[in-house]
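Enquirer: need coordinates for the below:
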Amino acid sequence: MPHHYSITVQIDLTYGNITSKLWRFALPLMAGNILQQFYNLADTWIVSRYIGAQALAAVGSSYTLMTFILSIIIGLCIGSSAFFSIQYGKKDFDTLRKSIFISFVLTATVSVFINIMTVANTERIIRILNVPEELEKITAEYLKCVFMGITAVFIYNFFACLLRSIGNSTAPLIFLTVSVILNIILDVFFITVLKRGIKGAAEATVISQFLAGIGLGLFSYISLPDMRIKKQDARWSTQILKEIGILSAATGIQQSVMNFGILMIQGLVNTFGTITMAAFSAAVKIDTLAYMPVQDFGNAFSTFVAQNHGAKKTERIKKGIKASSICVFIFCITVGTIVFFSAGNLMSFFTGPENLSIIKEGVQYLRIEASFYFGIGILFMLYGYFRAVGRPEISLLLTVISLGTRVVLAYLLSPVEWIGQTGIWAAIPFGWILADITGIILYRSLPENKLKNIKSLQMGNFK
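Expert: Numbering: from 1, shown residues only. Purely as a prediction, here's the structure:
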């Protein structure tokens, strides 16, 4: 097996060909996200086929809640990984080991707290979500079990982010693949053979999550001897705690703000009736799948910047910005063109060709968004850059601007009779572009990017 495909290999992004290394690192991230989407579809099909509509409704109503809760934990892990990458770029393994210990304890504490609070307040949460009375019992049964897997999600994401921060995106993908396959097998076994119903679906998820998390943790310990925590590393450092806390908290809040904004848009869409709701539901799935790879590329770019920021390779970061911007622009234009001209066929595939009203509404949404995919592509790069250089508060600000603009414009435009729901669709790219402009201005205002560096950092490099 060639060395560069080894599960244990780490891609040091501080030297070598920038574009090829970025893609080698980014492709497993993209594959992992596609795999996760495949599992979500498979899980939905299994629950619907073997348990029934009530179980499907219970799982569906729990999805947004779980996404919101887990976004806090995943945000903490992503924020910590930026600090890990910087120390890895510096080759400061003493600080790296200390930061791993502090981050693990910090994130574990938050995860266990959330785990206890959600299990203890399941019934109250269900009432807040306005779950229909006939679904309360089955939803509570599902959620109580799924909540027990919150700690497992933390374990997997912590070690996945640690490995990615030092350039290994292959191992997390392999463990995720095993977890997804095991989850599907256990789903079918628990539901069809053991007749565990919706509880069986939740149990299958939790078991596979714990095995993936523990397995990846053991792999990290065995394969990274330089990063094993020693007795002298297991102590608090106020400075490290502060830096990790700032990165993690800002990233966690950013993830939560994103999901909260999406919930507000969903609430507005629901006021336009069943056809618009169905069109939005299908179109968002297509939309997300379309730009998901550029989001993963933005995460890879963030690791590249963080490692080189730690190594103080400013010129390499500039070259990486230019190379990455070209890749993102080409990708967004290509995918945007495909989605724009294939919108009708894509909507037909998801909704059925007989649903003409839904297809028409979805096509309008997709064509508006696809025309501006470059906006979200630039935004993902800006998020990654500011997080990587230790300025996560700017990433959070851009998220607030993007979603704030989207929500405000959507609520202002959609009541206008001749605009209607089109105002909701148009508000989304407006939010992207305003956040992009703000981000580029703030990027150019950073001390290290002023004066002597300004020539090579023109706005065109972000296009």
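Enquirer: switch to C-alpha atoms for all contacts and neighbour counts from now on
Expert: Fine.
Enquirer: the strand or helix carrying Thr303 - contacts with which helices or strands?
Expert: Here Thr303 sits within helix 274-310, counting by DSSP states H and E. Applying 3 or more C-alpha pairs under 8 Å, 6 or more residues apart in numbering; DSSP states H and E, one finds that helix 274-310 contacts helix 18-50, helix 53-90, helix 238-270, helix 314-351, helix 356-370, helix 373-388.
Enquirer: pull out the buried residues from stretch 244-262.
Expert: Neighbour counts over stretch 244-262 (16 or more other C-alpha atoms under 10 Å) mark 244-259, 261-262 as buried.
Enquirer: out of the helices and strands packed on helix 274-310, which gets nearest to Ala171?
Expert: Ala171 sits nearest to helix 18-50 of all those, at 8.9 Å, using C-alpha to C-alpha.
Enquirer: which helices and strands sit right next to the closest one?
Expert: Applying 3+ C-alpha pairs under 8 Å, 6+ apart, one finds that helix 18-50 makes contact with helix 53-90, helix 170-188, helix 274-310, helix 314-351.
Enquirer: so which bits of the last one are buried?
Expert: Read that as helix 314-351. For helix 314-351, a neighbour-count test (16+ other C-alpha under 10 Å) marks 314, 316-329, 331-333, 335-337, 339-340, 343-344, 346-348, 351 as buried.
Enquirer: also the shortest one?
Expert: When burial is assessed from 16+ other C-alpha under 10 Å, helix 170-188 yields the following buried residues: 170-177, 179-180, 182-184, 186-188.
Enquirer: just how off-centre is the helix or strand just after it within its chain?
Expert: Next along the chain after helix 170-188, taking DSSP H and E as the criterion, comes helix 197-223. On the basis of C-alpha atoms, centre = their mean, to the nearest Å, helix 197-223 sits 19 Å off its chain's mean C-alpha point.
Enquirer: any idea of the mean pLDDT for helix 197-223?
Expert: Throughout helix 197-223, pLDDT has a mean value of 89.
Enquirer: next, the angle helix 18-50 makes with it.
Expert: 150 degrees (axes from the mean of the first three to the mean of the last three C-alpha atoms, to 10 degrees).
Enquirer: make 20 the starting number, not 1.
Expert: Got it, first residue is 20 now, which makes that one helix 216-242.
Enquirer: okay, buried residues for stretch 367-381 please.
Expert: For stretch 367-381, burial by neighbour count (16+ other C-alpha under 10 Å) applies to 367, 370, 377-381.
Enquirer: and which of the residues you listed is nearest to Ile217?
Expert: Thr370 (25.5 Å).
Enquirer: export the helices and strands packed on helix 37-69 to a markdown table and tack on mean pLDDT and distance to Ala61?
Expert: A markdown table is the format used below for the helices and strands packed on helix 37-69 (pLDDT from 0 to 100; distance: least, C-alpha to C-alpha, whole Å):
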| stretch | mean pLDDT | distance to Ala61 |
| --- | --- | --- |
| helix 72-109 | 78 | 12 |
| helix 189-207 | 90 | 7 |
| helix 293-329 | 85 | 15 |
| helix 333-370 | 90 | 15 |
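Enquirer: which stretch among these comes nearest Asn176?
Expert: Across these, Asn176 has its closest neighbour in helix 72-109 (6.5 Å, C-alpha to C-alpha).
Enquirer: what packs against the helix or strand following the closest one?
Expert: In the C-terminal direction, the helix or strand that comes right after helix 72-109 (DSSP H and E) is helix 112-139. Using 3+ C-alpha pairs under 8 Å, 6+ apart, the elements in contact with helix 112-139 are helix 72-109, helix 155-166, helix 169-184, helix 257-289.
Enquirer: what angle do the third one and helix 293-329 make?
Expert: In other words, helix 169-184. Using the same axes, to 10 degrees: helix 169-184 against helix 293-329 is 50 degrees.
Enquirer: what do you get for the second one?
Expert: Helix 155-166 and helix 293-329 are oriented at 10 degrees to each other (the same axes, to 10 degrees).
Enquirer: how far does helix 155-166 sit from its chain's centre?
Expert: Worked out by C-alpha atoms, centre = their mean, helix 155-166 lies 24 Å from the chain centre.
Enquirer: give the buried residues for that helix.
Expert: In terms of neighbour count (16+ other C-alpha under 10 Å), helix 155-166 has its buried residues at 155, 157-166.
Enquirer: now swap in stretch 294-314 and tell me
Expert: For stretch 294-314, burial by neighbour count (16+ other C-alpha under 10 Å) applies to 294-303, 305-306, 309-314.
Enquirer: what's the pLDDT at Glu467?
Expert: pLDDT recorded at Glu467 is 66.
Enquirer: what do you get for Phe391?
Expert: At Phe391, pLDDT is 93.
Enquirer: so what's it up against?
Expert: Listed by C-alpha atoms under 8 Å, 6 or more residues apart in numbering, the contact set of Phe391 reads 355, 448.
Enquirer: quick one: Arg43 from Ala407, how far?
Expert: Between Arg43 and Ala407 the distance is 19 Å, computed by C-alpha to C-alpha, to the nearest Å.
Enquirer: tell me which of those two has more neighbours.
Expert: For Arg43 versus Ala407, the count of surrounding residues by other C-alpha atoms under 10 Å is larger for Ala407: 28 against 18.
Enquirer: give me the nearest residue to that one, chain neighbours excluded.
Expert: Nearest residue to Ala407 in three dimensions, chain neighbours excluded: Ala325, at 4.4 Å (C-alpha to C-alpha, 6 or more residues apart in numbering).
Enquirer: wait, what's in contact with the one you found?
Expert: Applying C-alpha under 8 Å, 6+ apart, one finds that Ala325 lies in contact with 101-102, 104-105, 108, 404, 407-408.
Enquirer: rerun at 10 Å
Expert: The neighbours of Ala325, taking C-alpha atoms under 10 Å, 6 or more residues apart in numbering as the test, are 32-33, 100-109, 184-185, 319, 331, 336, 403-409.
Enquirer: ok, now Gly236?
Expert: For Gly236, the contact set (C-alpha under 10 Å, 6+ apart) comprises 174-179, 181-182, 230.
Enquirer: gap between it and Val124?
Expert: Plainly put, Gly236 is 14 Å away from Val124 if you go by C-alpha to C-alpha.
Enquirer: and what of Arg215?
Expert: Going from Arg215 to Val124 by C-alpha to C-alpha gives 35 Å.
Enquirer: between those two, tell me which one has more neighbours.
Expert: Using other C-alpha under 10 Å as the criterion, Arg215 and Val124 rank with Arg215 on top: 16 against 13.
Enquirer: name the element Leu431 belongs to?
Expert: Assessed by DSSP H and E, Leu431 sits inside helix 411-432.
Enquirer: lovely, talk soon.
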